[in-house]
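Asker: turn this into a model:
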Amino acid sequence: MRRAALASAMLGILSACALDPETVGAVSGTGTSGTGEPSSDGASTLGGLDTTSGASSEGADDDSAGTATATVVNVHLTATAEPWKHNDGLAGQTPHGAVTGIRSLTLLDTGGRLDPLVVFDLGTEHVAAPQDPGSDTVVATVPVSGLVLGAYDRARVGVSFIQFSVMATAHLDPLQQMGPLEAVYVLADDTMFDGAVRQLGWSRFTFGSVAINNPVEIPAPPRGSPFDLIEVDGASFLEFDVSLLVDPSIDNDVNVTLQLNVHESFRWQDIERMGDEDAFDITPTTFEPVLRVGANDYSLTFD
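Answerer: Numbering: from 1, shown residues only. I've put the predicted structure just below:
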């Protein structure tokens, strides 16, 4: 199983599929404009584009290009643990200490009318973005003068690593001990992590301060996950659906926030003989089967 499958824990940062427009909000068809009001065609506005015609906002004057250089888009990544209804019959836990390394953001037009729009690209560097509930990280501040007028329906996020912990019970007959199980996966070549340059596929698992040689197997994103994971030339990318109309002529700053729901998003099959159903049970050689890791849902908002 490929290590990169754990990237679905971001956002899923970051768990693309067609999402239910009644539950996903701006991302899947009840989009908001830069003022927070619903746009008439379901698209969201990154910077004041007229959402009904595809033209730039009314009232933009001739010198708008001159003021755009001082106008920026702040890209936020946040997380919430608002209760989510799980219907999978699995045990669950909300991960803690979750962090994802964010390298880039590119907007795509899957219809092929527009070239990919690179919103930002940090190369082999990254921003370490926490995904604990309540976190809010600005992963990039981008001048709108570098954006291109157009409509985009897909986002691609470059990721360098994923890290998270869950509480586990280690069964060391006749003793049992509860503590944090931490997992780290590197998802891109030339990633600086923990003071050293790591390559795609490097991983580390620890229970408390003890290294684990038999790592937890993390499943690929299941059908219905809001993210697709792609590996290209030693790099990993998460893709998901958006509905964005970009207008670089605006003269007001915009905050774009991608929020992940991570409520009990670490999902496993409880094995009664191994221990308490509320604990993720491990032994020196086995683990309860992990069947799903990743965000339950996401939303994209603008203000």
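Asker: where along the stretch 151-300 of the chain do the strands fall?
Answerer: Along the stretch 151-300 of the chain, the stretches classed as strands by DSSP state E, counting those that start in this stretch are 175-186, 191-193, 196-198, 203-207, 210-211, 228-232, 235-246, 254-261, 266-268, 280-282, 290-293, 297-302.
Asker: in a markdown table, list the ones you listed along with mean pLDDT and distance to residue 132.
Answerer: All C-beta spots, glycine's among them, are computed from the backbone N, C-alpha and C. What follows is the strands of the stretch 151-300 of the chain, written out as a markdown table (pLDDT from 0 to 100; distance: least, CB to CB, whole Å):
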| stretch | mean pLDDT | distance to residue 132 |
| --- | --- | --- |
| strand 175-186 | 90 | 13 |
| strand 191-193 | 96 | 19 |
| strand 196-198 | 96 | 23 |
| strand 203-207 | 88 | 19 |
| strand 210-211 | 79 | 24 |
| strand 228-232 | 90 | 22 |
| strand 235-246 | 93 | 19 |
| strand 254-261 | 94 | 11 |
| strand 266-268 | 91 | 13 |
| strand 280-282 | 89 | 18 |
| strand 290-293 | 86 | 15 |
| strand 297-302 | 89 | 16 |
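Asker: out of those strands, which is closest to residue 94?
Answerer: strand 266-268 (7.3 Å; CB to CB).
Asker: adjacent strands (with direction) for that closest one?
Answerer: In the sheet, strand 266-268 lines up against strand 91-93 (antiparallel), strand 290-293 (antiparallel) (DSSP bridges).
Asker: gap between that strand and the chain center?
Answerer: Remark: strand 266-268 is offset 17 Å from the chain centroid, using CA atoms, centre = their mean, to the nearest Å.
Asker: do stretch 291-303 as well
Answerer: That offset, for stretch 291-303, works out to 7 Å (CA atoms, centre = their mean).
Asker: swap in stretch 249-265?
Answerer: Taking CA atoms, centre = their mean, the mean C-alpha location of stretch 249-265 is offset from the chain mean by 11 Å.
Asker: need the CA coordinates for that stretch. PDB is fine.
Answerer: Extracted C-alpha coordinates of stretch 249-265, given in PDB (Å, rounded to 0.1, in the frame of the first residue of the first chain):
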ATOM      1  CA  SER A 249      -9.100  44.000 -10.900                       C
ATOM      2  CA  ILE A 250     -10.600  44.200  -7.400                       C
ATOM      3  CA  ASP A 251      -9.400  46.800  -5.000                       C
ATOM      4  CA  ASN A 252     -10.200  45.100  -1.600                       C
ATOM      5  CA  ASP A 253      -8.400  42.300   0.200                       C
ATOM      6  CA  VAL A 254     -10.100  38.900   0.200                       C
ATOM      7  CA  ASN A 255      -9.800  36.100   2.700                       C
ATOM      8  CA  VAL A 256     -10.400  32.600   1.300                       C
ATOM      9  CA  THR A 257     -11.000  30.000   3.900                       C
ATOM     10  CA  LEU A 258     -10.900  26.200   3.400                       C
ATOM     11  CA  GLN A 259     -12.400  24.600   6.500                       C
ATOM     12  CA  LEU A 260     -12.200  20.900   7.100                       C
ATOM     13  CA  ASN A 261     -14.500  18.800   9.300                       C
ATOM     14  CA  VAL A 262     -12.400  16.400  11.300                       C
ATOM     15  CA  HIS A 263     -14.900  15.100  13.800                       C
ATOM     16  CA  GLU A 264     -13.900  11.500  14.600                       C
ATOM     17  CA  SER A 265     -12.300  11.300  11.200                       C
END
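Asker: past the least confident helix or strand in the chain by mean pLDDT, which element shows up next along the chain?
Answerer: Counting by mean pLDDT, DSSP states H and E, the weakest-scoring helix or strand in the chain turns out to be helix 64-68, with a mean of 41. Remark: after helix 64-68, the chain's next helix or strand is strand 72-80, criterion DSSP states H and E.
Asker: against which helices or strands is that next one packed?
Answerer: In terms of contacts (3 or more CB pairs under 8 Å, 6 or more residues apart in numbering; DSSP states H and E), strand 72-80 is packed against strand 96-108, strand 117-121, strand 136-143, strand 254-261.
Asker: closest one to residue 173 among those strands?
Answerer: strand 96-108 (27.8 Å).
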